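>>> Pasted the sequence and its predicted model underneath.
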Amino acid sequence: MSSTARPEDGDTPKTSAPGTSAADPLAPLAALPGVPEAVESVRKSVDRVYGHRIMRRRSSEVSAEAALRGARATAAVEGVDWALEEVRRRSDFGAESEARTVGAALRVTAEAGHLLDIWQQSPLRVLARLHLVAAGGVAPEDTVGRPRRPGEPVDGPDLGLELPGADEVAARLEGLAQLVTGSTKAPALVTSAVVHGELQVLRPFGSYNGQVARAAERVALVGSGLDPKAICPAEVGHAELGREAYLTALAGYASGTPEGMTEWIAHCGRAIELGARESAAVCEAMQRGAA
């Protein structure tokens with residue numbers, strides 16, 4: 001399986017951010033009851049897909065299909081649940097609101113695959129780029145690719161959470177950037193779940209925050225070495241688990257309690273496992289000659 005070998009989770013080199021404490025800020029989350037078991041379950045699920053014989057010679061095809069399915073799913077989480085074949089055949093994504101949502105999902109998911117090197121050095125640049133790709137040509141030009149300013153509205157589905165002020169957003173984004181570029185040894189599941197949850201709670205942009213958050217989760221999983229070929233689309237799992245479960249788990253993250261954080265991390269773990277299962281089914285179809 002040399003052609004699909006992956007570095008160990010957490011082995012990706014990271015630079016130390018100035019002013020970052022020597023203590024790992026995510027270590028307490030990684031040690032919460034139930035989290036180590038979720039981490040291990042995710043790793044086994046991902047390893048099973050990477051061990052499939054199809055991955056030895058057709059991994060690029062599996063990655064492309066995972067990206068398409070992930071894009072369809074991230075739009076579904078936003079409430080636009082198109083059939084996969086409709087997404088596959090469609091060429092016009094600017095005609096009306098639902099089509100624009102799906103088009104943004106396709107663009108953001110594709111762009112995420114090109115931003116790994118920048119993510120490890122400047123995650124805020126990546127977030128700005130993801131929002132630009134999602135919202136460019138749709139949102140007001142002066143709001144695209146930058147965090148919202150005081151008093152600016154946020155467009156998107158209601159998450160049932162209080163919207164943080166712009167000053168809090170700026171401070172927490174900086175903290176998130178230091179976390180990503182720092183020296184955390186936390187497992188990929190924990191790190192990616194925090195990235196996703198923090199961005200959804202903050203909603204730092206005027207639009208497309210959910211799609212940016214899930215794309216950033218994708219980048220974090222790839223960059224960790226857990227899923228370097230991006231074949232385990234967590235977006236598929238988030239859609240399959242359903243919006244109600246997604247919002248309930250996200251509220252747990254927003255609460256900041258140990259129980260809430262555990263619930264969110266476990267939810268993200270289940271989403272990754274379902275994404276891995278989706279790609280395993282793709283591999284099986286390819287092996288049978290059905291795809």
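Ah, there it is.

>>> Show me which positions of the longest helix along the chain end up buried.
Determined from DSSP state H, the single longest helix within the chain is helix 258-288. Within helix 258-288, the residues scored as buried using 16 or more other Cβ atoms under 10 Å are 260-280, 282-283, 286. For glycine as for every other residue, the C-beta is placed from the backbone atoms N, C-alpha and C.

>>> And the residue nearest the centre of this protein?
Glu217 (2.3 Å; Cα atoms, centre = their mean).

>>> name the element that one belongs to?
helix 209-223 (DSSP states H and E).

>>> Now Ala38: phi and psi?
Ala38 adopts backbone torsions of phi -60, psi -40, taken as degrees, to the nearest 10.

>>> who touches the residue lying closest to it once chain neighbours are set aside in this structure?
Once flanking residues are discounted, Ala38 sits nearest to Gly269: 4.0 Å by Cβ to Cβ, 6 or more residues apart in numbering. For Gly269, the contact set (Cβ atoms under 8 Å, 6 or more residues apart in numbering) comprises Ala38, Val39, Ser41, Val42, Leu189, Ala193.

>>> for Tyr208, same thing?
Tyr208 neighbours (Cβ under 8 Å, 6+ apart): Ala104, Val108, His131, Ala134, Ala135, Ala139, Gly156.

>>> of those residues, the lowest pLDDT goes to which?
Lowest-confidence member of the contacts of Tyr208: Ala139, scoring 85 (pLDDT).

>>> these two touch, right, Ala215 and Leu130?
Yes - Ala215 is within contact range of Leu130, at 5.2 Å (criterion: Cβ atoms under 8 Å).

>>> shared neighbours of these two, which are they?
The overlap between the contact sets of Ala215 and Leu130 (Cβ under 8 Å, 6+ apart) consists of Val108, Glu111, Ala112.

>>> Look up how far Ser192 lies from the second one.
When Cβ to Cβ, to the nearest Å is the yardstick, Glu111 and Ser192 sit 17 Å from each other.

>>> Tell me which of these two has more neighbours.
More crowded of Glu111 and Ser192, by other Cβ atoms under 10 Å: Ser192, with 28 against 17.

>>> Pull the contacting residues for the more buried one.
When contacts are counted by Cβ under 8 Å, 6+ apart, Ser192 touches Glu217, Ala220, Leu221, Ser224, Ala234, Cys268.

>>> do that again at 10 Å, thanks
Listed by Cβ atoms under 10 Å, 6 or more residues apart in numbering, the contact set of Ser192 reads 42, 186, 216-224, 226-227, 234, 265, 268-269, 272.

>>> same check, this time on Glu40
Per Cβ under 10 Å, 6+ apart, neighbours of Glu40: Pro187, Leu189, Gly269.

>>> Quick one: residues contacting the second one.
If I follow you right, that is Leu189. Neighbour list for Leu189: 9, 29-30, 35-36, 38-43, 46, 220-221, 224, 226, 234, 265-266, 268-269, 271-272 [criterion: Cβ under 10 Å, 6+ apart].

>>> For the helix or strand hosting it, give the mean pLDDT please.
Here Leu189, judged by DSSP H and E, is contained in helix 188-202. Mean per-residue pLDDT for helix 188-202: 98.

>>> any idea how far that helix is from the chain center?
Here helix 188-202 is found 8 Å from its chain centre; the criterion is Cα atoms, centre = their mean, to the nearest Å.

>>> Which positions in that helix come out as buried?
Of all the residues in helix 188-202, those buried under the rule 16+ other Cβ under 10 Å are 188-202.

>>> Identify, from these, the entry nearest to Glu85.
Among these, His196 lies closest to Glu85 (Cβ to Cβ), at 27.7 Å.

>>> which stretches of the stretch 151-291 of the chain have low pLDDT?
290-291 (pLDDT under 70).

>>> can you check the stretch 1-150 of the chain too?
Within the stretch 1-150 of the chain, the ranges that satisfy pLDDT under 70 run 1-22, 95.

>>> try 90 this time
Residues of the stretch 1-150 of the chain meeting the criterion pLDDT under 90: 1-23, 90-97, 136-142.

>>> Please enumerate the helices of it.
Ranges of helices within the stretch 1-150 of the chain are 27-30, 35-50, 55-77, 84-89, 97-112, 116-119, 123-135, based on DSSP state H, counting those that start in this stretch.
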